[in-house]
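> heads up, no residue letters with this:
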């Protein structure tokens, strides 16, 4: 065993970076399933990312326009990036707000400037994070012309700061049909309840 002495608390905190400590073990140890937990990606972040102590949500909002510009430069796809909301013509309560989309509406782009560990997780797995999946399906539910969803990941604190993960209508077809029908049924129930409440 090696014992390391530190000059102060900050030096000690810096020494913990990139290591599995007693405190961090619970964020890494997988007891059910086999997918790594977010703590695994946090360890990687501590080894490769530029340190950031601010608000990731605010930072993410600030970086979205940079991410969309980078996407346009890298792909050659010209995007409409106006602040808009799409709604279905046959059911205006089913909606989606794109960050950017092509003029023909066949490609929608969503910029994700997440915490560095979440950026690394998407990079390593090559998968759109589970908690963002419904958002992807919703875009297809709303716009029948849409063929591809491009999720742009951008984090200038990481050496591999930019990448794109894609989903297509063809691969999500069954889920789109199911989710659209579910939303229509829920909205019918909402209307019935609203009608009953307003008649009281």
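Noted; the coordinates are in hand. Fair warning: this is a prediction, and the values are worked out from it, not measured in the lab.

> mean confidence score for the longest helix seen in the chain?
Of all segments of type helix in the chain, defined using DSSP state H, the longest is helix 169-198. On average, the pLDDT along helix 169-198 is 95.

> same check, this time on stretch 137-149
Here the average pLDDT along stretch 137-149 is 98.

> And it, how far out from the chain middle?
With Cα atoms, centre = their mean, to the nearest Å as the basis, stretch 137-149 stands 17 Å off its chain's centre.

> still on that earlier bit, what comes up buried for the longest helix of the chain?
For helix 169-198, a neighbour-count test (16 or more other Cβ atoms under 10 Å) marks 169, 172, 176, 179, 180, 183 as buried. The C-beta positions use only the backbone N, C-alpha and C, and glycine is treated the same way.

> Repeat that for stretch 140-153.
Here stretch 140-153 shows 140, 141, 142, 143, 146, 148, 149, 150, 151, 152, 153 as buried, counting by 16+ other Cβ under 10 Å.

> could you dump the residues you listed to CSV with distance to residue 164?
Formatted as CSV, these follow (distance: Cβ to Cβ, whole Å):
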residue, distance to residue 164
140, 17
141, 22
142, 21
143, 19
146, 16
148, 10
149, 10
150, 5
151, 7
152, 5
153, 7
